[in-house]
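Coordinates for the following, if possible.
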Amino acid sequence: MNESIDISKSTLESIYKTEEDPVIIIVFSFSIIFIVFLITIYYLILIDLGTSKVDWEKNRCIPKYMFVSGFIQKEENKGIFGSTYLNFKQCVKKFA
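I've put the predicted structure just below:
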């Protein structure tokens, strides 16, 4: 029993007594947190755009979808930007 406590105690002491530069540890930690943040934001955007496709006719003129509508619902024979432009024109005409 004492032997396992000594091993874990020596392991903890060796971790805390490393000669690593604290700046490297901070930068590495920040990088990991930043990567996790980006992945989370990416999946939140994917989920939001996926739910907007469900009722596209209702959601197409909502401002948060209007400027990226070509990515959500591409029109036939149109590119992403052409679809966005066409959707924008339809929404402006609808509310004008």
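
List the buried residues of stretch 57-67.
For stretch 57-67, the neighbour count (16 or more other C-beta atoms under 10 Å) marks 59-61, 65-66 as buried. Any C-beta I mention is one placed from the backbone N, CA and C, and that applies to glycine too.

just the helices in this structure please.
Secondary structure of the chain (DSSP state H): helices located at 2-16, 22-54, 56-59, 63-66, 69-72, 80-95.

Need these in JSON lines (columns: mean pLDDT).
JSON lines is the format used below for the helices of the chain (pLDDT from 0 to 100):
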{"stretch": "helix 2-16", "mean pLDDT": "60"}
{"stretch": "helix 22-54", "mean pLDDT": "87"}
{"stretch": "helix 56-59", "mean pLDDT": "84"}
{"stretch": "helix 63-66", "mean pLDDT": "85"}
{"stretch": "helix 69-72", "mean pLDDT": "84"}
{"stretch": "helix 80-95", "mean pLDDT": "89"}
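
Could you single out the most deeply buried of the ones you listed?
Mean neighbours per residue, mean count of other C-beta atoms under 10 Å, is largest over the helices of the chain for helix 69-72, with a mean of 19.

Show me what it is packed up against.
Applying 3 or more C-beta pairs under 8 Å, 6 or more residues apart in numbering; DSSP states H and E, one finds that helix 69-72 makes contact with helix 22-54, helix 80-95.

CA-only coordinates of it in CSV, if you can.
In CSV, the C-alpha atoms belonging to helix 69-72 read as follows (Å, rounded to 0.1, in the frame of the first residue of the first chain):
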residue,chain,number,x,y,z
SER,A,69,-29.4,30.9,-48.8
GLY,A,70,-27.3,29.6,-51.7
PHE,A,71,-25.5,27.3,-49.3
ILE,A,72,-28.8,26.0,-47.8
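
Run through who's touching it.
Helix 69-72 has contacts (C-beta atoms under 8 Å, 6 or more residues apart in numbering) with 49, 52-53, 56, 60, 65, 78-85, 87-88.
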